[in-house]
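Asker: I would like the atomic coordinates for the input below:
(one chain, ligands or ions: 1)
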Amino acid sequence: MSPYTWRPMGAADIDAVVAVAAACFPDHFEARACFEERLALFPQGCFALSSEGVVKGYLIAYPWPLGAIPPLNSSLGALPEERETFYLHDLALHPDVRGQGHARPIVERLSGALSAMEGRSLALVSVNDSVAFWRGMGFEPVVGDAAITRKLESYGGGSTYMVRAIGW
Ligand SMILES: CC(C)(COP(=O)(O)OP(=O)(O)OC[C@H]1O[C@@H](n2cnc3c(N)ncnc32)[C@H](O)[C@@H]1OP(=O)(O)O)[C@@H](O)C(=O)NCCC(=O)NCCS
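Answerer: Predicted coordinates:
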């Protein structure tokens, strides 16, 4: 059984989180400052997969309007006030810890936490051929407007905007 477990992310995890991101998203570089900012803005949506001080995965989510995609590798500045719609910015596991059942529990934990905040929907941009994986996590592709289509182009070919309901 894997010794790795999910816990809230802390500032001391950022180096490892940046390293996991670089390994998992070679085509979508984001600067360290982006990770620091998201943790500072919404720590409730940031989790690290760790064992004995070693971090091998992370998840970052925060409030964001439905139908809008946050800019890649940029500061957000501030988050929207409303807490109904959220954006799952990244879920990434180092190859060493994939296929060990770590993905679903953190998606469900996040969904539960957002539901407790009266969250209604959770959106993401699927990259790395992950549409089928995200479907399995309850997300469905959504056809966006021209602005979404343009933003998706900046993520490279094959990126898909997907949404799942949370709460009832
Ligand atoms: C995407 C990622 C987080 C998945 O983690 P993982 O440990 O490899 O996930 P698994 O293969 O164990 O699958 C987790 C679950 O999804 C399901 N799943 C995986 N691939 C699937 C597919 N193609 N179709 C349907 N279900 C799928 C598995 O059956 C499993 O279901 P279970 O929880 O009921 O057992 C991981 O591969 C990763 O970090 N990739 C690099 C970063 C990335 O691409 N992140 C997502 C981009 S938006």
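
Asker: where exactly do the strands run in the protein?
Answerer: Here the chain has its strands, by DSSP state E, at 5-8, 46-51, 54-63, 85-93, 121-126, 140-141, 160-165.

Asker: want to throw those into CSV with mean pLDDT?
Answerer: Below are the strands of the chain laid out as CSV (pLDDT from 0 to 100):
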stretch, mean pLDDT
strand 5-8, 98
strand 46-51, 98
strand 54-63, 98
strand 85-93, 98
strand 121-126, 98
strand 140-141, 96
strand 160-165, 97
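
Asker: Those: which one's closest to the ligand?
Answerer: strand 85-93 (3.8 Å; C-beta to the nearest ligand atom). Bear in mind the C-beta positions are built from the backbone N, C-alpha and C, glycine included.

Asker: Next, the angle from that closest one to strand 54-63.
Answerer: Angle between the axes of strand 85-93 and strand 54-63 is 170 degrees (criterion: axes from the mean of the first three to the mean of the last three C-alpha atoms, to 10 degrees).

Asker: helices and strands around strand 85-93, which ones?
Answerer: Secondary-structure packing of strand 85-93 (3 or more C-beta pairs under 8 Å, 6 or more residues apart in numbering; DSSP states H and E): helix 14-24, strand 54-63, helix 103-116, strand 121-126.

Asker: nearest to residue 137, of the ones you listed?
Answerer: helix 103-116 (4.9 Å; C-beta to C-beta).

Asker: Which residues belonging to that closest one are considered buried?
Answerer: 103, 106, 107, 110, 111, 113, 114 (16 or more other C-beta atoms under 10 Å).

Asker: Alright, calling it a day.
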